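Asks: After the sequence you'll find the predicted model.
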Amino acid sequence: MLQHKKLALLSLSLFSLIALAAKAEPIDNRHIIVAPQCLVKNLSVSMNYKTLASSSTLALLETNRLGIDYLIEAKNHRTATPCGGFVDVTDAWDNYHSRDLSSQRKAKSFLQEEMTKESSVKIKAKTYGIQYPDQVNQLIKQINPSTIWSDLTAFSDTHKSKFPDRYANSATGVNAANWLKEKIEALAKANNRTDITTYAISTGPQYKQPSIVVKIGDSNEPGVVIGGHMDTLSSSWELKPGADDDGSGSMAVMEIARTLISSNMRFKKPIYIMWYAAEEEGLVGSSKVVAEFKNKNIPIDAVLQFDMTGYADKNDPTIWLITDNINKDLTAYLETLIKTYIKQPVGYTRCGYSCSDHASWNKAGFPAAIPFEAAFGKDNPYIHTANDTINILSINHMANFAKLGIAFAVELAEPVV
Ligand code: BES
Ligand code: ZN
């Protein structure tokens, strides 16, 4: 009996010690996330999470840095039935003021709103036509597959590059952001472009790596966004080259930027090229970028996301269009562009959750679309591991995505003739 009491006391004091330690967490180590229940179920350590609200499919959790790392770890154990990722909604939660005084009901309605947010903005139908075939074809010819390959080698070679990983919370992740920015600045200078501005957008106090934005053209009309995510997971356990995820998208975006900057074509509307930070941490960088565009009232007509463009399953050149968390009209327009200009087969596939940065734009009401390398589940099996290397990627597949980006930019930003 006494023994039992002692044990109970011991575990109680242990418990309060843990509770105390949890209380001592600095405030900027607090993350609010929305995670699928199937992922929450697989968490082995539950003490880092406080459930604020939950539905049958999703949970709203308060956690900390360690909790985020456990979630990433759980997510990367590929199970028989795949489960979605989680989204960091700390800012949205902090800015959310419901009329309800009860915090429990506030959390419930917040989660409800997160689940039902959908794109509401549509571009005018007339902007979806094929209007500039000569200009599109002229620039498509300038896409150079070997430039994509050498850029990707520099970006993802863990031994030769300045960044053995591009982890959002590391100095090497910051080096990767600087590398992107400096490369664009050099291109702008070499081409005497005074209508190009390059800037960083902070990912907040918890991440060192900023997103990088390039504005091409000085018009203030509604613009076009083309982006990918620069970050990888941390290489503290094994190397994280992130060649496909998302070096391939990032360097397709770089080739689009190079082609636009080095041409003498000018556009009615601005083209925003961007590389998001901290995508792997729950779409953190893109949600900051979207918030900044909203705060500054920068109008955007259409958003294109490139995340994984290099792995062609059985050498199949099909370009797959993701059908969830996107704008349907814009996605249908991508099919038209692919059939007109790229002349490759088109497939449709679903992520089933907010799998990349297009979801941040879509949630905020901007029309977004994402072409993808393979059918979901037939994509690169090595992402998030040391084997996500360039050698198994297809140079032509990546070049086709870059060409699609050019068609998108030229048709929607409209050349000045
Ligand atoms: N590139 C992946 C998304 C992806 C993976 C799409 C596999 C299709 C197939 C992206 O970088 C990623 O890892 N996303 C996370 C979710 C994110 C919100 C943390 C994921 O898929 O788990
Ligand atoms: Zn990833």
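Replies: Great, that's in hand. Ligands and ions are numbered 1, 2, ... in the order given.

Asks: List the contacts of the nearest residue to residue 322 once chain neighbours are set aside.
Replies: Distances taken as C-beta to C-beta, 6 or more residues apart in numbering place residue 370 nearest to residue 322, at 4.7 Å, with adjacent residues excluded. For every residue, glycine as well, the C-beta is placed using N, CA and C. Applying C-beta atoms under 8 Å, 6 or more residues apart in numbering to residue 370 gives the contacts 304-307, 321-322, 326, 356, 358.

Asks: Domain-wise, how is the protein divided?
Replies: According to automatic domain parsing, the chain comprises the domains 2-119, 133-413.

Asks: Check these for me and report the most buried one.
Replies: When these are scored by mean count of other C-beta atoms under 10 Å, the highest mean neighbour count falls to domain 133-413 (a mean of 21).

Asks: how about the closest residue to ligand 1 within the chain, what does it touch?
Replies: When distances are taken as C-beta to the nearest ligand atom, the chain reaches nearest to ligand 1 at residue 85, 2.5 Å away. Listed by C-beta under 8 Å, 6+ apart, the contact partners of residue 85 are 36, 39, 75, 282, 353-355.

Asks: Do you have the helices of the stretch 201-350 of the chain handy? List them.
Replies: Using DSSP state H, counting those that start in this stretch, the helices of the stretch 201-350 of the chain run over 249-262, 284-295, 328-337.

Asks: what would those look like in CSV with distance to ligand 2 and mean pLDDT?
Replies: What follows is the helices of the stretch 201-350 of the chain, written out as CSV (distance: least, C-beta to the ion, whole Å; pLDDT from 0 to 100):
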stretch, distance to ligand 2, mean pLDDT
helix 249-262, 10, 99
helix 284-295, 13, 98
helix 328-337, 21, 97
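
Asks: And the ones you listed: which comes nearest residue 413?
Replies: With respect to residue 413, and counting by C-beta to C-beta, the nearest of the helices of the stretch 201-350 of the chain is helix 249-262 at 9.0 Å.

Asks: Now do that closest one: distance to the chain's middle.
Replies: Offset of helix 249-262 from its chain centre (C-alpha atoms, centre = their mean, to the nearest Å): 17 Å.

Asks: Start and end of stretch 46-56, how far apart?
Replies: Taking C-alpha to C-alpha, to the nearest Å, stretch 46-56 runs 19 Å from one end to the other.

Asks: Next up, the contacts around the residue in the chain that ligand 2 sits nearest to.
Replies: Per C-beta to the ion, the residue of the chain with the smallest distance to ligand 2 is residue 245, at 4.3 Å. Neighbouring residues of residue 245 by C-beta under 8 Å, 6+ apart: 232, 307-308, 380, 383-384, 388.

Asks: where along the stretch 251-400 of the chain do the strands fall?
Replies: In the stretch 251-400 of the chain, the strands defined using DSSP state E, counting those that start in this stretch lie at 271-276, 300-305, 319-322, 346-349, 368-369, 371-372.

Asks: Need those strands in CSV (columns: distance to ligand 2 and mean pLDDT).
Replies: Supplementary listing: these in CSV, determined by distance: least, C-beta to the ion, whole Å; pLDDT from 0 to 100:
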stretch, distance to ligand 2, mean pLDDT
strand 271-276, 12, 98
strand 300-305, 13, 97
strand 319-322, 14, 98
strand 346-349, 16, 98
strand 368-369, 18, 98
strand 371-372, 12, 98
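
Asks: So which residues on this protein come close to ligand 2?
Replies: Neighbours of ligand 2 within the chain, by C-beta under 5 Å from the ion: 245, 280.

Asks: In space, not sequence, find me the middle residue of the chain.
Replies: Central residue of the chain (C-alpha atoms, centre = their mean): residue 357, 3.1 Å from the mean position.

Asks: For residue 23, report the pLDDT, please.
Replies: Listed pLDDT for residue 23 reads 50.

Asks: Now do the same contact list for the nearest residue to residue 399 once chain neighbours are set aside.
Replies: Among residues not flanking residue 399 along the chain, residue 145 sits closest, at 4.1 Å (C-beta to C-beta, 6+ apart). Counting by C-beta under 8 Å, 6+ apart, residue 145 touches 395-396, 398-399.

Asks: quick one, the helix or strand hosting residue 138 and helix 328-337 angle?
Replies: Assigned by DSSP states H and E, residue 138 belongs to helix 133-140. If you take axes from the mean of the first three to the mean of the last three C-alpha atoms, to 10 degrees, helix 133-140 sits at 80 degrees to helix 328-337.

Asks: who are the neighbours of helix 133-140, in terms of helices and strands?
Replies: Where contact means 3 or more C-beta pairs under 8 Å, 6 or more residues apart in numbering; DSSP states H and E, helix 133-140 is packed against helix 395-413.

Asks: quick check, the helix it packs on touching ligand 1?
Replies: No. Helix 395-413 stays clear of ligand 1 (C-beta under 6 Å from any ligand atom), getting no nearer than 13.5 Å.

Asks: Show me what that helix is packed up against.
Replies: helix 133-140, helix 145-156, strand 223-229, helix 249-262, strand 300-305, strand 319-322, helix 328-337.

Asks: Just the pLDDT for the closest residue in space to residue 200 that isn't next to it in sequence.
Replies: In space, and not counting its chain neighbours, residue 200 is closest to residue 210: 3.9 Å by C-beta to C-beta, 6+ apart. For residue 210, the model assigns a pLDDT of 98.

Asks: The one 10 residues further on too?
Replies: pLDDT for residue 220: 95.

Asks: Backbone torsions only: list them for the closest residue to residue 77 other than its chain neighbours.
Replies: Of all residues not flanking residue 77 in the chain, residue 42 sits nearest, at 7.1 Å (C-beta to C-beta, 6+ apart). When read as degrees, to the nearest 10, the backbone of residue 42 gives phi -90, psi 0.

Asks: Surely residue 42 touches residue 82?
Replies: No. Using C-beta atoms under 8 Å, residue 42 is not in contact with residue 82; the gap is 11.8 Å.
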